[in-house]
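1. need a structure here:
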Amino acid sequence: MVRLAGSITIARPPEAVFDVVADERNEPLYNPAMTSVEKLTGGPVGVGTRWRATMMARGRPTDMELEVTEFSRPTRLGTVTRMTTATVTGALTLTPARGGTVMSWDWSLRLRGPMRLLGPLFARAGRRQEERIWASLKRLLESEGNRRPAGR
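-> I've put the predicted structure just below:
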């Protein structure tokens, strides 16, 4: 099992940050590796909402299915992501802070099959990837005149 955890401060209120990250259709705005996202369930985003997404990983498309497992707006968003090579479970926690929000992530990555042997490599690469993704979200949310995300 690989654990990926960290935090970032974003100069926006927790509600604004939560609404963007809770709707997976926004992720391509701040994660250039995500090439497509489709909502599989009807209704508003909440526990049980499922998404199908494709990301480019090592130059190849990787399909995944994501499910919202915890939805406590604006403080906590739990998910499970299933791929052929791994399952990722965990949550984003949003805490009000002076001038914005501290967003923390805590993911457990369970690799399957021969991929288990690559755990330490995935840990290093995954930590860097998470830091890049969330730094990009911070830039998006803090920029003037940013594109309006799909948040519902």
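2. contacting residues for the residue positioned nearest the centre of the chain?
-> Closest to where the C-alpha atoms of the chain average out (CA atoms, centre = their mean) is V21, at 6.7 Å. If a contact means CB atoms under 8 Å, 6 or more residues apart in numbering, then V21 has 27, 77, 92, 103, 137 as its contacts. C-beta: built from backbone N, CA, C; applies to glycine.
3. and if you look at A91?
-> Applying CB under 8 Å, 6+ apart, the residues near A91 are 70, 76-79, 105-106.
4. please convert those to a markdown table, extending it with pLDDT, distance to I10 and secondary structure.
-> Converted to a markdown table, the contacts of A91 look like this (pLDDT from 0 to 100; distance: CB to CB, whole Å; DSSP: H, G, I helix; E, B strand; the rest coil):
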| residue | pLDDT | distance to I10 | secondary structure |
| --- | --- | --- | --- |
| E70 | 98 | 20 | strand |
| R76 | 98 | 16 | strand |
| L77 | 98 | 14 | strand |
| G78 | 98 | 19 | strand |
| T79 | 98 | 19 | strand |
| W105 | 97 | 12 | strand |
| D106 | 97 | 17 | strand |
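5. taking these, tell me the two that lie furthest apart.
-> The most widely separated members of the contacts of A91, counting by CB to CB, are E70 and W105 (13.3 Å).
6. and the two? Which one has more around it.
-> W105 (19 against 14; other CB atoms under 10 Å).
7. and the helices in the chain, which stretches?
-> 14-22, 27-30, 119-142 (DSSP state H).
8. could you dump those into JSON lines with mean pLDDT and distance to T87 added?
-> Output for those, formatted as JSON lines (pLDDT from 0 to 100; distance: least, CB to CB, whole Å):
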{"stretch": "helix 14-22", "mean pLDDT": "97", "distance to T87": "20"}
{"stretch": "helix 27-30", "mean pLDDT": "96", "distance to T87": "18"}
{"stretch": "helix 119-142", "mean pLDDT": "83", "distance to T87": "13"}
